[in-house]
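**Student:** Next input, structure requested:
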Amino acid sequence: MFSFSILTLGCKVNSYESEALINELKKAGYLYKPFNEKCDIYIINTCTVTSTSDQKSRQMIRSAKRKNPDSLVVAMGCFTQLNPSVAANLADIVVGSNNKLQIVSLIKSYLENKRQITLISDVLNKPKYEEMKINRLNTHTRGFIKIQDGCENYCSYCAIPYSRGKIRSRNADNIILEINELVNSGVKEIIISGINTGTYGQDLENMNLAKLIERIMKETTLYRLRLSSIELKEITDELIDTIYKYKERIAHHFHIPLQGGSDTVLQRMHRKYNTNEYYETILKLRNKFGDVALTTDVLAGFVGETEEEFNELCSFIKKVGFYEMHIFPYSRRKGTEADEMSGHLDEKIKNIRCHELLKIAEELKIEYLNRQIGKTFKVIVENKKNDFYHGHTTNYLDLYFNGKELKENDLIDVEVIEYKDGIVFGKVVNHE
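**Tutor:** You can find the predicted model right below:
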């Protein structure tokens, strides 16, 4: 029996696609093992969102071969979609953003013929949604379900529309079926995700994200649904009202990418909103859901960002009061409009600004967490780390706590007691 492992880089969509491929390979008789062990087959699901992601993708492909020089190495995903020749110099099988389930047959073919295989399809010319399915989780307690692929925003700094292609949505019946199968296997929380999740249904008849959520709430017994990243312009009144209608079963957590906090920078980024529109939506959510957890992505040192524009960004994120922020230095991506702009900042300046934003992010996180101390939340036990169990609350607190005879997917009440050394601690109040 051949053994295999998958290393996933990047987003929740990649995590889902890796999970689906693990299921298919196990069905085909392959033995799944952790990536740090010696395996016959290594699969790296790559990312290309930043130049650092590209570098990490190359490093991980190389490291797989070092673990076992005789192994079969497969590289798939966004990095390989945009850099097939580079990937082909490193891996035995190269697959792009689509055709990932064909890897099962491609591995069989390679093992028989020992010939390198490259399969890169055109994702920019009316691609179809590639149906994948998970009926059991191998690497997570919380389930990720992919509902959508592709992005057509074409922000000036981003290569993802070129690596993932046009918007395409998954059939709603298949989503409902998969959620019910996961619920029947014991899963209590599912995160619906996509490359641009909020555009779900734009290519379908009489369907959008709000209508899909309504169906999930009515046609499944899922305990908690969580939304992954969603763009500001896709947060409609219909969506807010639907989430509020089912607020006991939908997580009070919104991840809304900001990227820039100055209107002039947002214009250069080709973002489809200004800071006033962004803040008005935040107020709508807080009016509906109270002290809801708001998380975001921010780019530091975008092309031409002046000191004044950076100060506007700092002021704006303090005004919003995010719980958590993912801070990235702007990274040049070939083929994007921003790459051709004049006024690229020195790496030192970008790193200094990143550091300042990280300090603000930690201050805002402490403020939010201090407001949660003393509150009790329903927590789904995920796993055990360093003698502590942990799990996420509805508002995305990753709580660590002691407990006796707890199991994955147990539902317990946990009181927030302390934030210390970067960890939120709680104590078990009730174990159902």
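**Student:** Doesn't D291 belong to a helix?
**Tutor:** No - assigned with DSSP: H, G, I helix; E, B strand; the rest coil, D291 falls outside any helix and is coil.
**Student:** how far does stretch 3-14 stretch from start to finish?
**Tutor:** 21 Å (CA to CA, to the nearest Å).
**Student:** tell me the contacts of the nearest residue to L82 once chain neighbours are set aside?
**Tutor:** Ranked by CB to CB, 6 or more residues apart in numbering and with sequence neighbours excluded, the top spatial neighbour of L82 is S163, at 5.1 Å. (Glycine included, C-beta is placed from N, CA and C.) With contacts taken as CB atoms under 8 Å, 6 or more residues apart in numbering, S163 has the following neighbours: T48, C78, F79, Q81, L82, G96, S97, V123.
**Student:** Can you pull the poorly scored residue ranges out of the stretch 101-250 of the chain?
**Tutor:** Applying pLDDT under 70 to the stretch 101-250 of the chain flags the ranges 136-141.
**Student:** Could you list the domains of this protein?
**Tutor:** As assigned by automatic domain parsing, the chain contains the domains 3-119, 127-251, 256-362, 376-431.
**Student:** Between these, which one is closest to N370.
**Tutor:** Of all the domains of the chain, domain 376-431 sits nearest to N370, with 7.3 Å by CB to CB.
**Student:** Centre of the chain to the closest one, how far?
**Tutor:** Distance of domain 376-431 from the chain centroid (CA atoms, centre = their mean, to the nearest Å) equals 22 Å.
**Student:** which two from the contacts of S163 end up farthest apart in space?
**Tutor:** Most distant of these, by CB to CB, are F79 and V123, 13.7 Å apart.
**Student:** So for the two, which residue has more residues nearby?
**Tutor:** Neighbours per residue (other CB atoms under 10 Å) separate F79 from V123, with F79 holding more: 31 against 21.
**Student:** For the more buried one, grab phi and psi.
**Tutor:** phi -60, psi -40 (degrees, to the nearest 10).
**Student:** Isn't it up against S53?
**Tutor:** Yes - using CB atoms under 8 Å, F79 is in contact with S53, at 7.0 Å.
**Student:** and G304, helix, strand or coil?
**Tutor:** coil.
**Student:** quick one, helices of the stretch 1-150 of the chain?
**Tutor:** 12-27, 51-67, 78-82, 84-88, 103-113 (DSSP state H, counting those that start in this stretch).
**Student:** no wait, the stretch 201-350 of the chain
**Tutor:** Per DSSP H, counting those that start in this stretch, the stretch 201-350 of the chain carries helices over the ranges 209-219, 237-245, 263-269, 275-289, 307-320, 347-372.
**Student:** Show the secondary-structure elements that the shortest one is packed against.
**Tutor:** Contacting helix 263-269 under the criterion 3 or more CB pairs under 8 Å, 6 or more residues apart in numbering; DSSP states H and E are the following elements: helix 307-320.
**Student:** same check, this time on the fifth one
**Tutor:** Applying 3+ CB pairs under 8 Å, 6+ apart, one finds that helix 307-320 contacts helix 263-269, helix 275-289, strand 293-300, helix 347-372.
**Student:** of those, which approaches K427 most closely?
**Tutor:** Per CB to CB, nearest to K427 of these: helix 347-372, 13.6 Å.
**Student:** what comes up buried for the closest one?
**Tutor:** K350, I352, R353, C354, E356, L357, I360, A361, L364, K365, Y368, Q372 (16 or more other CB atoms under 10 Å).
**Student:** Quickly note the distance from the second one to S185.
**Tutor:** Taking CB to CB, to the nearest Å as the measure, I352 and S185 are separated by 48 Å.
**Student:** likewise K348?
**Tutor:** 50 Å.
**Student:** who touches the spatially closest residue to N99 that is not a sequence neighbour in this structure?
**Tutor:** Excluding the flanking residues, the one nearest N99 by CB to CB, 6+ apart is L119, at 5.3 Å. The contact partners of L119, by CB under 8 Å, 6+ apart, come to I93, V94, V95, G96, N99, Q102, L106.
**Student:** now I44
**Tutor:** I44 makes contacts with 6-7, 9, 57, 60-61, 64, 73-77, 91, as judged by CB under 8 Å, 6+ apart.
**Student:** Kindly indicate which of the residues you listed lies nearest D398.
**Tutor:** Closest approach to D398 among the contacts of I44 (CB to CB): L9, at 20.8 Å.
**Student:** where's L411 relative to I417, distance?
**Tutor:** Taken as CB to CB, the span from L411 to I417 is 19 Å.
**Student:** quick one, what contacts E178?
**Tutor:** By CB under 8 Å, 6+ apart, the neighbours of E178 are K133, I134, N135, I145.
**Student:** In contact with the last one, which residues?
**Tutor:** In this case it means I145. Y16, I134, I175, E178, I179, L182, I190, I191, I192, S193.
**Student:** Nothing else from me, thank you.
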